[in-house]
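# Pasting a predicted model and its sequence here:
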Amino acid sequence: MEDGEEMEVQSQTSSSTYKVKRTWDHYYCTCPAWRNQPSVPVNARSCKHLISLLGEKYEAARIKLKNPDGAALRAPKSKKKSSKKGKNTGDDDDNGGSSKTDVAVLLANSWDVDKGPDPTGWWVSEKLDGVRTFYDGKRMYSRLGNPFTPPQWFLDKLPKDVTLDGELFGGRGEFQNTVSIVKTMNSPHWKGITFYIFDIPSLSTQPFEARLEHLKKLFAPGTGSYASDKVIVVEQEKAKSRKHVLDKLKEIESLGGEGLMLRKPGSLYEGKRSSTLLKIKSFYDAEAVVTGYKPGKGRNSGVTGALKCKMASGKTFDVGSGLNDKQRQSPPKIGSIIVYRFQELTKDGVPRFPTYLGEAADKTEPKDAVVPDHRKAGAKKSDAPSE
């Protein structure tokens with residue numbers, strides 16, 4: 001196919017017709033098999049229509065070149081007969097080589113800034129606004145088990161005999177750019193990403209302090225056996241008091257940070273949500289599904305003014321704040337999951353003054369934030385924290 005060429009192909013298992021297009025070295029197909037590969041880089045996806053059109057050997061070589069650490073191309077299955085009339089087991093929905101894996105990481109509960117328990121003696125660190133990442137000694141995965149595709153030079157900076165839990169981080173306020181980079185195969189912008197490590201699950205039965213010391217031996221600047229400016233152990237400090245934590249929170253947020261994390265001293269690593277890890281923010285992040293667009297006015301006339309969104313609860317709201325000019329011209333597609341931020345809910349249970357942060361890195365369903373009653377508009381005075 002020539003660059004820019006587009007053609008129609010017939011489904012091999014139904015009367016459906018799909019479109020195949022080439023854009024530079026990317027090949028696209030509108031069939032379900034090509035589309036339903038969220039864990040595979042766009043330029044490394046294939047389907048049986050592309051295999052039939054381009055040839056199995058060519059496709060196998062192309063997939064290997066574009067995603068060298070990914071699963072090998074699977075040859076199309078032969079059509080199978082079904083025992084049920086009118087139903088077939090063809091593979092238009094066969095998505096080729098999925099390399100999703102099971103990942104069990106430690107997940108945090110929330111610490112309320114007004115009513116949370118005394119944090120004195122707990123470990124405090126910055127909550128990074130990046131992409132949660134699990135490293136299994138060979139590859140990097142999202143918390144849902146979808147593979148990331150960092151360059152080999154990035155992986156070479158890590159040991160092969162441990163598992164690591166951390167965050168791929170592109171800087172404060174760079175969440176959307178970070179998501180875009182880590183989801184793109186061979187992006188040259190990986191040079192702007194750093195792997196911030198906060199735990200080592202392969203030593204899960206040792207107390208947190210011992211795990212932290214082991215991480216420092218591996219990655220401490222100048223002395224660690226794998227010291228690198230691309231791999232950093234998240235800094236931890238002991239909480240002296242509740243006021244110390246709240247002052248630290250104010251400092252981090254004033255610098256554009258997302259919040260803080262609290263880790264219980266002596267705690268083990270659990271591959272589930274645990275009260276030994278708490279997150280602290282003076283605002284809330286949640287996800288919603290894009291259902292439509294509101295036209296812009298004034299300086300935004302002719303482009304998107306706001307995204308129409310639906311929460312997991314089914315309630316709807318609009319979000320326009322946080323969209324830049326490029327995003328207003330090319331907004332997230334209808335059906336995509338976005339991340340937004342807010343400080344409280346209205347009495348109707350929708351976010352007040354939400355701000356768009358970006359498209360979710362690894363979500364298939366939206367999730368609402370858990371907001372305590374005293375952070376909801378119209379809360380009774382007795383619900384507010386005492387001084």
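Cool, the structure landed. Numbers count the residues shown, from 1 in each chain.
# And the helices in the stretch 1-150 of the chain?
32-35, 48-54, 56-66 (DSSP state H, counting those that start in this stretch).
# buried set for stretch 8-22?
9, 12, 18, 20, 22 (16 or more other Cβ atoms under 10 Å). C-betas here are computed from N, CA, C, even on glycine.
# tell me the average confidence for it?
For stretch 8-22, mean pLDDT is 80.
# ditto for stretch 288-305
93.
# measure the closest residue to residue 67 other than its chain neighbours to residue 112 for me?
Excluding the flanking residues, the one nearest residue 67 by Cβ to Cβ, 6 or more residues apart in numbering is residue 44, at 3.6 Å. Distance of residue 44 to residue 112, computed by Cβ to Cβ, to the nearest Å: 44 Å.
# again, but for residue 219
33 Å.
# For stretch 249-264, list the C-alpha coordinates in CSV.
Extracted in CSV, the C-alpha atoms of stretch 249-264 (Å, rounded to 0.1, in the frame of the first residue of the first chain):
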residue,chain,number,x,y,z
LEU,A,249,1.1,19.0,52.0
LYS,A,250,0.8,22.8,51.5
GLU,A,251,4.4,23.0,50.4
ILE,A,252,4.1,20.2,47.8
GLU,A,253,0.9,21.6,46.4
SER,A,254,2.4,25.1,46.2
LEU,A,255,5.1,23.6,44.0
GLY,A,256,2.5,22.0,41.7
GLY,A,257,2.6,18.6,43.3
GLU,A,258,-0.4,16.3,43.6
GLY,A,259,-0.2,15.5,47.3
LEU,A,260,1.5,13.2,49.8
MET,A,261,1.7,9.5,50.7
LEU,A,262,1.9,8.0,54.2
ARG,A,263,3.5,4.6,54.8
LYS,A,264,3.1,2.8,58.1
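# and that stretch, how far out from the chain's middle?
Stretch 249-264 sits 20 Å away from the centroid of its parent chain (Cα atoms, centre = their mean, to the nearest Å).
# Now do the end-to-end distance for stretch 161-179.
End-to-end span of stretch 161-179 (Cα to Cα, to the nearest Å): 27 Å.
# What's the mean pLDDT across it?
For stretch 161-179, the per-residue pLDDT averages 92.
# buried residues in it?
162-170, 174-176, 178-179.
# remind me, longest strand of the chain?
Of all the segments of type strand in the chain, defined by DSSP state E, the longest one is strand 284-295.
# tell me the contacts of the closest residue to residue 200 other than its chain neighbours?
Nearest non-adjacent residue to residue 200, counting by Cβ to Cβ, 6+ apart: residue 211, 5.1 Å away. Residue 211 is in contact with 199, 200, 203, 269, counting by Cβ atoms under 8 Å, 6 or more residues apart in numbering.
# Tell me the secondary structure of the residue lying closest to residue 267 once chain neighbours are set aside, please.
Distances taken as Cβ to Cβ, 6+ apart place residue 276 nearest to residue 267, at 3.8 Å, with adjacent residues excluded. When classified by DSSP: H, G, I helix; E, B strand; the rest coil, residue 276 comes out as strand.
# Surely residue 276 touches residue 262?
No. Judged on Cβ atoms under 8 Å, residue 276 makes no contact with residue 262 at a distance of 9.1 Å.
# Would you mind telling me which of those two has more residues around it?
residue 262 (22 against 18; other Cβ atoms under 10 Å).
# Remind me which helix or strand that one belongs to.
strand 259-263 (DSSP states H and E).
# Partner strands of that strand and their direction?
Sheet pairing of strand 259-263 (DSSP bridges) gives strand 123-127 (antiparallel), strand 273-280 (antiparallel).
# to the chain's geometric centre, what's the distance from the shortest one?
In other words, strand 123-127. With Cα atoms, centre = their mean, you get 20 Å for strand 123-127.
# Pull out the buried residues from it.
Result for strand 123-127 [16+ other Cβ under 10 Å]: buried residues 123, 124, 125, 126, 127.
# now the second one, which residues is it bridged with?
I take that to be residue 124. The partner residues for residue 124, given DSSP bridges, come to residue 237, residue 262.
# right, and it touches residue 247 too?
No. Using Cβ under 8 Å, residue 124 is not in contact with residue 247; the gap is 10.7 Å.
# Cheers, nothing more for now.
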